[in-house]
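In: pasted the sequence and its predicted model underneath.
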Amino acid sequence: MSAIFNASRLRGASLVLLAVAMTGCGTIKGWFNDTKKENIEPPTPLAENFAPSISVQKVWGERIGKGAEKTGARMRPAYADGKLYAASTTGVVEAYDAATGKTLWSKHLGNRRGFLIHRGPNSVRWAGGPTVDGDLLVVGTLEGAVQAFNTGDGAERWTAQLTSEVISPPVIGGGMVYVRTNDGHIVGLDRGDGSRKWTYDRSAVPLLSLRGNSPLAFVDGVVYSGEDNGKVIALRATDGAQLWEQVLSPGEGRTEIDRLQDVDGQIVVADNTVYATGYKGQTAALIAQTGRPLWTHELAGYNGVALSASQIYLTDPDANVYALDLRNGSSQWKQDALKYRWLGEPAVQGDAVVVGDLEGWVHWLSINDGKLLARERISKAPIQSAPVVVGDMVYVETIYGDIAAYRVGGSSNK
């Protein structure tokens, strides 16, 4: 992985984005042409003459603008009611028929009042989302705006201007839209008109952090967030009051790089338990009401977690894939065949873990033992975001906006 830092938090620094190769990390090809590649482990080659054991069929492919490009935002489509929604940093928002890929509506937004456009092309730069709930589609921008649309026809409903860029998807629930901004604020907006109801601004943002924000989770009137200071926090959804916090990554070391402690990946809340992992920290199961750990495992991750009925799945900073027991955190299996391929966020589809890599390959691994079951390639572009799983279909997006829909069947006859 290329350790991509949030240069806006380097006070007094003139750099816009800093890419550094760290011990144990590789570099994502094509992200930065000027990134030094000395002492970087090459991606583990994929096995030749690989025979898939499950059937995977590509159903359709599309492209949404230029995707997230090199922003570091982990953008992916959103699914609801047979439709797929996607957005791009080039200002495009589109809705597709999820079964066929047919475009249902498309909007291209340029500069407008209420958006703080600085430099670059004459378009709104989407970077957070999209998120869908009922008839509401919400997307955030690199300029700190949040825009709401009708899901049916793309008609614009409201715009809210916040304090910093939005690079993780908002979450909708309880009559509100909850948004994490890159300066550490969490904001509750009215679902109907986008008016601000509350702001949580007590998060201590480190001087240096990895590029990325953990997506918020909303469950039973509580908003959960992974923070750049290595903590998981729980906020009351009605007013943003903090209910608890728990440290996953202590941030120890002599230098700022040594003390990187972000919780940047997806956290999952299920059965009154919060599951999360921290960079250079731990993977943990926390009681949702109090934050008290049920179990912790000395395994760090930078891409969040995914769950099945009995296990939790994550990738470590070297891109090894792990399965832990959901009840006690004990190790179940480890798959190192994808090491240094700098995997994106994982998802679970039936009896498989689905994850993309830096060269545009999508891999299916058995949840039982980690065995590689199948692989398909979208393009040569990296995949950072988690696949979107809907029954036997999975939708995957690369950082340059390539979207592919795959149907997963039974045993392969190949």
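Out: Yep, it's here.

In: Val362 bridge partners, please.
Out: For Val362, the beta-bridge partners under DSSP bridges are Gly356, Glu376.

In: swap in Arg236?
Out: Val222.

In: burial count for it?
Out: 15 (other C-beta atoms under 10 Å). In short, each C-beta sits where N, CA and C put it, glycine included.

In: thought it was touching Phe218?
Out: No - contact criterion C-beta atoms under 8 Å: Arg236 and Phe218 do not qualify, at 11.4 Å.

In: what's downstream of the least confident helix or strand in the chain by mean pLDDT, the next helix or strand?
Out: The weakest-scoring helix or strand in the chain, judged by mean pLDDT, DSSP states H and E, is strand 18-20 (a mean of 32). Using DSSP states H and E, the helix or strand that follows strand 18-20 in sequence is strand 54-63.

In: just the mean pLDDT for that next one, thanks.
Out: On average, the pLDDT along strand 54-63 is 97.

In: give me the next element, helix or strand, following that strand.
Out: strand 78-80.

In: any idea of the mean pLDDT for that next one?
Out: Mean predicted confidence for strand 78-80 is 98.

In: tell me the gap between that strand and the middle of its chain.
Out: Strand 78-80 has its C-alpha centroid displaced from the chain centroid by 15 Å (C-alpha atoms, centre = their mean, to the nearest Å).

In: what lines up beside it in the sheet?
Out: By DSSP bridges, strand 78-80 pairs with strand 83-87 (antiparallel).

In: the partner strand: what's the following helix or strand?
Out: Remark: after strand 83-87, the chain's next helix or strand is strand 92-97, criterion DSSP H and E.

In: quick one: that following strand to chain centroid distance?
Out: 19 Å.

In: which secondary structure elements does the following helix or strand past it contact?
Out: Using DSSP H and E, the helix or strand that follows strand 92-97 towards the C-terminus is strand 103-108. Using 3 or more C-beta pairs under 8 Å, 6 or more residues apart in numbering; DSSP states H and E, the elements in contact with strand 103-108 are strand 92-97.

In: which elements pack onto the strand it packs on?
Out: Right, strand 92-97 is packed against strand 83-87, strand 103-108, strand 126-133 by 3+ C-beta pairs under 8 Å, 6+ apart.

In: now the ones you listed in TSV, with distance to Ser366, mean pLDDT and mean neighbour count?
Out: As requested, these are exported to TSV (distance: least, C-beta to C-beta, whole Å; pLDDT from 0 to 100; neighbours: other C-beta atoms under 10 Å):
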stretch	distance to Ser366	mean pLDDT	mean neighbour count
strand 83-87	27	97	26
strand 103-108	35	96	15
strand 126-133	31	95	26
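
In: so for Tyr279, which of these sits nearest?
Out: Closest of the helices and strands packed on strand 92-97 to Tyr279 is strand 126-133, at 20.1 Å (criterion: C-beta to C-beta).

In: show me the contact partners of the helix or strand following the closest one.
Out: The helix or strand immediately downstream of strand 126-133 is strand 136-141, counting by DSSP H and E. Contact partners of strand 136-141, identified using C-beta atoms under 8 Å, 6 or more residues apart in numbering, comprise 78, 85, 87, 93, 115, 124-132, 146-151, 154, 157, 165-170, 172, 177, 179, 191.

In: buried only: go through these for me.
Out: Buried positions within those, assessed by neighbour count (16 or more other C-beta atoms under 10 Å), are 78, 85, 87, 93, 115, 124-132, 146-149, 151, 154, 157, 165-170, 172, 177, 179, 191.

In: where in the stretch 101-250 of the chain is pLDDT low?
Out: Low-confidence segments of the stretch 101-250 of the chain (pLDDT under 70): 111-122, 203-212, 249-250.

In: for it, what spans make up the strands?
Out: In the stretch 101-250 of the chain, the segments counted as strands under DSSP state E, counting those that start in this stretch are 103-108, 126-133, 136-141, 145-150, 156-161, 171-173, 176-180, 186-190, 196-200, 217-219, 222-226, 231-236, 242-247.

In: would you mind giving these as TSV with distance to Gln335 added?
Out: As requested, the strands of the stretch 101-250 of the chain are exported to TSV (distance: least, C-beta to C-beta, whole Å):
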stretch	distance to Gln335
strand 103-108	37
strand 126-133	31
strand 136-141	34
strand 145-150	38
strand 156-161	42
strand 171-173	30
strand 176-180	31
strand 186-190	35
strand 196-200	38
strand 217-219	26
strand 222-226	24
strand 231-236	26
strand 242-247	28
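
In: what's the closest of those to Ala352?
Out: The nearest among the strands of the stretch 101-250 of the chain, by C-beta to C-beta, is strand 217-219 at 23.2 Å.

In: about what we covered before: tell me which of the strands of the stretch 101-250 of the chain sits nearest to Val348.
Out: strand 217-219 (16.2 Å).

In: who touches that closest one?
Out: Around strand 217-219, the neighbours that count as contacts under C-beta under 8 Å, 6+ apart are 171-174, 178, 223-225, 237, 267-269, 274, 288.

In: what's the first-to-last distance across stretch 47-55?
Out: 18 Å (C-alpha to C-alpha, to the nearest Å).

In: return the distance of it from the chain's centre.
Out: 28 Å.

In: report the buried residues of that stretch.
Out: Buried residues in stretch 47-55 (16+ other C-beta under 10 Å): 52, 54.

In: next one: stretch 86-103
Out: Buried-residue list, stretch 86-103, by 16+ other C-beta under 10 Å: 86-96, 98, 101.

In: got it, and stretch 293-308?
Out: 294-295, 297, 299-308.

In: minimum pLDDT in these, which residue is that?
Out: Tyr302 (77).

In: test my guess that it contacts Asp264.
Out: Yes - if you go by C-beta under 8 Å, Tyr302 and Asp264 touch, sitting 6.2 Å apart.

In: hmm, back to that, which one of the helices and strands packed on strand 92-97 lies nearest to Asp357?
Out: Each of the helices and strands packed on strand 92-97 has some distance to Asp357 by C-beta to C-beta; the shortest is strand 83-87, at 20.5 Å.

In: next, the angle strand 136-141 makes with that closest one.
Out: 20 degrees (axes from the mean of the first three to the mean of the last three C-alpha atoms, to 10 degrees).

In: for stretch 330-342, how far is the first residue from the last?
Out: One end of stretch 330-342 sits 24 Å from the other (C-alpha to C-alpha).
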